[in-house]
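Novice: Show me how the following folds:
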Amino acid sequence: MAAIHSPAHSPAQAPAQAPVPELLKPTTLRELVGWPGPCITVLLSPDHNGEGSGARRAYVKSSVLAAEQQLAQRGCPKTARANLLAPLEQLAVDPLFAGCSAWSEVIFASPGVFRQFSLTQPVKARLIAGGSFSVRQLVAELERPRVFYVLSLSKSQVALMRCAGLHSEMIKPPAGVPDRGAENQSEFYRLVDRGLQQLLHEPWTPLILAGGAEDLAVYRAGSVYRDLIPESMAGSAGKALEQTETLQQAYCILRADHHRREAAALLAAKERTAPGRLSTDADTILHAAFEGRVSQLYVNERAERIDMFERGSYQSWGSEDLYNLAAVQTILHHGKACFLPANLMPNREMAAAFMRF
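Specialist: So this is what the prediction gives:
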């Protein structure tokens with residue numbers, strides 16, 4: 001659990017800096033989706049304008065007021081509301097909260113749960129209250145590679161950046177990999193590509209290229225690396241770009257690549273799946289998800305169905321996004337949920353679910 005710190009310090013000391021919250025991990029998200037409501041999800045945008053912690057604290061404070069009103073309207077008892085929102089209220093006045101963060105964050109609050117995490121993907125600031133946590137902007141975190149690399153190319157030299165979570169570092173290429181160019185540019189890049197095989201041998205270790213158009217084209221023409229990402233960065237990673245900025249751009253590229261691969265998987269699954277195991281009907285999908293029958297769920301990012309839903313011990317605590325609820329139940333029952341851009345959904349369907357039985 002992400003603690004709310006209030007350590008004392010002497011006036012002579014520099015003000016303490018709050019640590020960046022831990023990164024949201026796939027295992028953690030799977031644990032949280034099954035938590036009983038009412039559930040509050042607060043999404044915080046990255047700070048690109050240098051506004052610092054004051055803006056974020058102000059947003060959390062306004063979120064507390066909005067959540068209080070919504071929960072009161074939905075019949076949540078006063079004492080339960082107070083207990084649920086107390087950690088958020090403390091966070092809103094904590095001078096160490098969030099600082100100036102280049103990364104988006106998410107806060108989960110529910111009876112017995114208060115967790116704060118950093119995200120690799122940018123999100124828009126938003127408060128969502130419902131019977132379950134909001135995951136539609138978070139499921140991409142489930143597919144994040146454990147480690148990936150950015151290779152900066154130029155005719156004279158190459159530079160390699162190792163990226164893991166929210167951290168990146170420039171590293172030396174493996175032994176035998178030339179770090180200086182040669183007269184034959186194609187041969188130089190082939191030697192680099194072959195040498196990197198020694199380092200990038202784990203399954204699914206993406207490699208993103210950065211450089212000018214000519215260098216990128218020459219490198220790709222001779223590369224045999226299996227996990228070379230089709231999209232590249234302009235410029236020189238770690239030099240022309242600041243490392244955090246490079247890391248953020250890399251995650252956006254990885255997300256686009258993930259969407260491309262999932263769209264291809266969706267089309268392939270539709271071709272080989274019997275009609276009785278495939279549904280695009282929202283009601284059918286939602287009930288099947290609660291029954292643990294959905295193995296794969298693809299939802300149009302623009303799809304939204306706001307309504308109330310009750311089944312067994314589950315209650316919505318007011319109107320909520322039922323496509324999000326279907327995704328929550330799919331993940332809870334060890335299925336996979338993916339939200340795709342509208343143009344990547346076949347016939348721009350709102351959703352498609354593949355059933356286990």
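Novice: Show me where the stretch 101-250 of the chain has its strands.
Specialist: 105-110, 113-118, 126-130, 148-153, 158-164, 167-171, 207-210 (DSSP state E, counting those that start in this stretch).
Novice: Name the residues that touch the shortest one?
Specialist: With Cβ atoms under 8 Å, 6 or more residues apart in numbering as the test, strand 207-210 has contacts from 148-153, 196, 200, 216, 219-220, 225, 227-229, 231-237, 241, 246, 250, 253-254. Using the backbone N, CA and C atoms, a C-beta is placed for each residue, glycine as well.
Novice: just the second one next, same as before
Specialist: Under the contact criterion Cβ under 8 Å, 6+ apart, strand 113-118 has outside partners 1-2, 20-24, 28, 32, 35, 87-88, 91, 101, 103-108, 166.
Novice: List only those of the residues you listed flagged as buried.
Specialist: Burial by neighbour count, 16 or more other Cβ atoms under 10 Å: within the contacts of strand 113-118 this picks out 2, 20-21, 23-24, 32, 35, 87-88, 91, 101, 103-108, 166.
Novice: show me where pLDDT drops low in the stretch 201-350 of the chain?
Specialist: 236-241 (pLDDT under 70).
Novice: and the residue nearest the centre of the chain, what does it touch?
Specialist: Of all residues in the chain, the one closest to the mean position by Cα atoms, centre = their mean is Glu141, 3.4 Å from it. Going by Cβ under 8 Å, 6+ apart, Glu141 touches 24-26, 29, 119-121.
Novice: Let me see the contact set for Ser186.
Specialist: With contact set as Cβ under 8 Å, 6+ apart, Ser186 has these partners: 218, 221-222.
Novice: Do you know the pLDDT at it?
Specialist: As summarised for this prediction, Ser186 has a pLDDT of 89.
Novice: Leu96 too?
Specialist: Model confidence at Leu96 (pLDDT) stands at 77.
Novice: Run through the stretch 51-200 of the chain and note the low-pLDDT ranges.
Specialist: 51-53, 98-100, 179-182.
Novice: Show me the helices in it, by range?
Specialist: All helices of the stretch 51-200 of the chain, identified by DSSP state H, counting those that start in this stretch, fall at 53-73, 78-93, 185-196.
Novice: one step back: out of the contacts of Ser186, which is nearest to Ala274?
Specialist: Lowest distance from Ala274 to the contacts of Ser186 (Cβ to Cβ) belongs to Ala221, with 42.0 Å.
Novice: Just give the nearest non-adjacent residue to the closest one, would you?
Specialist: Ser186 (7.3 Å; Cβ to Cβ, 6 or more residues apart in numbering).
Novice: Show me the domain layout of the protein.
Specialist: 26-143, 148-258, 273-355 (automatic domain parsing).
Novice: picking that back up, pick the most buried one from the strands of the stretch 101-250 of the chain.
Specialist: Of the strands of the stretch 101-250 of the chain, the one with the most neighbours on average (mean count of other Cβ atoms under 10 Å) is strand 148-153, at a mean of 25.
Novice: List the pairing partners of it within its sheet, with orientation.
Specialist: Strand 148-153 has its sheet partners listed here by DSSP bridges as strand 158-164 (antiparallel), strand 207-210 (parallel).
Novice: Let me have the ones you listed in CSV, adding distance to Asn347 as columns.
Specialist: Output for those, formatted as CSV (distance: least, Cβ to Cβ, whole Å):
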stretch, distance to Asn347
strand 158-164, 36
strand 207-210, 32
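Novice: Select, out of these, the one closest to Ala67.
Specialist: That would be strand 158-164 among the strands paired with strand 148-153, by Cβ to Cβ, at 34.2 Å.
Novice: which among the contacts of Ser186 gets closest to Gly212?
Specialist: Distances from Gly212 to the contacts of Ser186, taken by Cβ to Cβ, are shortest for Val218, at 9.9 Å.
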